[in-house]
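>>> Just the structure for this:
(2 chains)
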Amino acid sequence: MTIKNMIFAAMILLGVVIAMVPENTTKPYKLTAEEMLVEVQGAAEMVSADDVAHWLISKDPSLQLIDVRTPDEYQKFHLEGAINVPLSVILKDEYRDYMDQGVKTNVLYSNGTIGSHQGWMILRQLGFENNYVLQGGLNYWFDTIMNPKEPPVTSPDEEFARYDFRKAASGVFGGGNAAALAAPTKTKASKPKIVRKKKKKAPAGGC
Amino acid sequence: MGPLVPQEIIGADWNLFIAFVVGIGFGFVLEQAGFSSSRKLAGMFYGYDTVVLKVFFTAAITAMLGLLFFSLFGWIDLSLIYVNPTFLGSAIVGGIIMGAGFIIGGFCPGTSVCAAAIGKIDAMVFIGGIFVGIFAFAEGYPLVKDFYMSGSLGPIKLSDILGLSGGFFALLVIIAALVMFKLGELAEKRWPREEY
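Residues are numbered from 1 along each chain as shown, chains lettered A, B, ... in the order given. The predicted structure follows:
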């Protein structure tokens, strides 16, 4: 057997092997379990409802709210400017440019924090940056921002400052009474506008 | 982990430097394989020398198998690899023009630079022709624009169109390549040329 024939045989062999094995379509996790544990314990993924309220009022352009609940729930109520990316489709390619980006601050929210945390865990393990979770979820949002409770008179000054901010914020978001909860918002569900990241130009091939 | 640059494991600033090193290696191999001879390249058309076919198909197969196995081992994410979009009409016409230029000039753009680097005058003339062509195309672009953009199919792959798995299609490509190598050798026997 000449060297040439041996190379041919090796190529065919490798071809047969690659034809037999299934394609690898897994999305490999970038962060190890240990790294995730550190992240989770640090709780750095949490942003407080007050921070989000502040960004919304000041119309911070870097904020991107992501509603991971079902489209029905999203239709009934969603935070201003939020896009709806239900948990079941969070890994779809069409949302990839939303989740894996370095420009905006994504804040995931659900009713509580379970859905948003589930989404965040997956995204974080894939190595995506700039994804955060709304602390306490929408329930806490209603308790604190929409219907703030006056702190006891013995509370420190910061408590009152926070209460004043929440009361003002509640006014902006149309809260303050339970009616806000019942009245569904009229806004049409905005389909996320997909801004594709500019693909890097591949080097032109050929000889 | 790969591809290294889109994943920012290697900074994008290194792109040009890596291209420089790879380019030098590519040019060296082209020259060593004798591709700076226009007679060798034209031999592909006349059938007396099919080394061009062998070299480029071997390179394609090696890269193809490498990518597929790397993907299998989880070393590279194929979805991040840039796939050149296909414009069917202009690709066919462009291929014919390129092929004709290949036979007439005896070089392809890359090998012409190689040959010019070792001082071949015909290659320098060829490079001059390239620039004339680039100029004419750029100036005439409004005339050909519609056709240039026609038949846009996006970044498609043959395996997807045919509904085959990437691995099985790779096996077909390898078999096709080996058959072509064999045909090339037969052609070399059929239309031999003593000196060129």
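
>>> Pull the distance from the host helix or strand of B:Thr62 to the chain's centre.
Assigned by DSSP states H and E, B:Thr62 falls within helix B:51-72. On the basis of C-alpha atoms, centre = their mean, to the nearest Å, helix B:51-72 is displaced by 12 Å from the centre of the chain it belongs to.

>>> And that helix, what's buried?
B:51-57, B:61, B:64-65, B:67-72 (16 or more other C-beta atoms under 10 Å in any protein chain shown). Heads up, the C-betas are built off the backbone N, CA and C, glycines and all.

>>> pLDDT on that helix, on average?
Helix B:51-72 carries an average pLDDT of 90.

>>> Name the residues that touch it?
Contacts to helix B:51-72, defined as C-beta atoms under 8 Å, 6 or more residues apart in numbering or on different chains, come from residues A:11, A:14-15, A:18, A:21, A:23-24, A:207, B:2, B:33-35, B:40-41, B:43-44, B:76-78, B:81, B:166-167, B:170, B:173-174, B:177, B:180-181, B:184.

>>> can you tell me which of those residues are in helices?
When DSSP state H is applied, the contacts of helix B:51-72 are split such that A:11, A:14-15, A:18, B:40-41, B:43-44, B:166-167, B:170, B:173-174, B:177, B:180-181, B:184 fall in helices.

>>> List buried residues within those residues.
By 16+ other C-beta under 10 Å, the ones in helices among the contacts of helix B:51-72 give A:11, A:14-15, A:18, B:40-41, B:43-44, B:166-167, B:170, B:173-174, B:177, B:181, B:184 as buried.

>>> Where does the prediction get shaky in chain B?
Scanning chain B for pLDDT under 70 picks out B:1, B:196.

>>> Break down it into its strands, ranges please.
B:86-87, B:152-154 (DSSP state E).

>>> May I see those organised as JSON lines, with distance to A:Asn130 and mean neighbour count added?
Formatted as JSON lines, the strands of chain B follow (distance: least, C-beta to C-beta, whole Å; neighbours: other C-beta atoms under 10 Å in any protein chain shown):
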{"stretch": "strand B:86-87", "distance to A:Asn130": "34", "mean neighbour count": "16"}
{"stretch": "strand B:152-154", "distance to A:Asn130": "29", "mean neighbour count": "10"}
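
>>> could I get those as CSV with distance to chain A?
What follows is the strands of chain B, written out as CSV (distance: least, C-beta to the nearest C-beta, whole Å):
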stretch, distance to chain A
strand B:86-87, 13
strand B:152-154, 12
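
>>> got these as a markdown table, with distance to B:Val22 columns?
Below are the strands of chain B laid out as a markdown table (distance: least, C-beta to C-beta, whole Å):
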| stretch | distance to B:Val22 |
| --- | --- |
| strand B:86-87 | 25 |
| strand B:152-154 | 27 |
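
>>> Can you check which of the ones you listed gets nearest to A:Ile122?
The closest of the strands of chain B to A:Ile122 is strand B:152-154. By C-beta to C-beta, the value is 28.1 Å.

>>> Show residues contacting the closest one.
B:85-88.

>>> Return the residues in contact with B:Ala117.
Contacts of B:Ala117 by C-beta under 8 Å, 6+ apart are B:27, B:31, B:36.

>>> now, among the residues you listed, which is nearest to B:Tyr148?
Nearest to B:Tyr148 among the contacts of B:Ala117, with distances taken as C-beta to C-beta, is B:Gly27, at 29.3 Å.

>>> nearest residue to that closest one other than its sequence neighbours?
B:Cys114 (5.3 Å; C-beta to C-beta, 6 or more residues apart in numbering or on different chains).

>>> Tell me, how many residues neighbour A:Arg166?
21 (other C-beta atoms under 10 Å in any protein chain shown).

>>> helix, strand or coil for it?
Here A:Arg166 takes the helix state, with states given by DSSP: H, G, I helix; E, B strand; the rest coil.

>>> Enumerate every residue touching the closest residue to it other than its chain neighbours.
Take A:Arg166 and drop its neighbours on the chain: the residue closest to it by C-beta to C-beta, 6+ apart is A:Pro148, 3.7 Å away. Neighbour list for A:Pro148: A:163, A:166-167, A:170 [criterion: C-beta under 8 Å, 6+ apart].

>>> does A:Pro148 count as helix, strand or coil?
coil.

>>> Just the pLDDT at it, thanks.
For A:Pro148, pLDDT reads 85.

>>> and the gap between it and chain B?
43 Å (C-beta to the nearest C-beta, to the nearest Å).

>>> Tell me the backbone dihedrals of that residue, please.
With angles defined as degrees, to the nearest 10, A:Pro148 shows backbone torsions of phi -70, psi 150.

>>> Over to B:Ser150?
The phi/psi pair for B:Ser150 (degrees, to the nearest 10) reads phi -80, psi 160.

>>> In PDB, list the C-alpha atoms belonging to stretch B:94-111.
What follows is stretch B:94-111, C-alpha atoms only, in PDB (Å, rounded to 0.1, in the frame of the first residue of the first chain):
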ATOM      1  CA  GLY B  94     -18.600  35.100 -12.000                       C
ATOM      2  CA  GLY B  95     -17.400  31.500 -12.000                       C
ATOM      3  CA  ILE B  96     -17.300  31.400 -15.800                       C
ATOM      4  CA  ILE B  97     -15.400  34.700 -16.000                       C
ATOM      5  CA  MET B  98     -13.000  33.600 -13.300                       C
ATOM      6  CA  GLY B  99     -12.400  30.200 -15.000                       C
ATOM      7  CA  ALA B 100     -11.800  31.800 -18.400                       C
ATOM      8  CA  GLY B 101      -9.400  34.200 -16.800                       C
ATOM      9  CA  PHE B 102      -7.700  31.300 -15.100                       C
ATOM     10  CA  ILE B 103      -7.000  29.600 -18.400                       C
ATOM     11  CA  ILE B 104      -6.100  32.700 -20.400                       C
ATOM     12  CA  GLY B 105      -3.900  34.200 -17.800                       C
ATOM     13  CA  GLY B 106      -2.600  31.100 -16.200                       C
ATOM     14  CA  PHE B 107      -3.000  32.400 -12.700                       C
ATOM     15  CA  CYS B 108      -5.600  32.900 -10.100                       C
ATOM     16  CA  PRO B 109      -5.500  36.100  -8.000                       C
ATOM     17  CA  GLY B 110      -3.500  34.400  -5.200                       C
ATOM     18  CA  THR B 111      -1.000  32.600  -7.300                       C
END
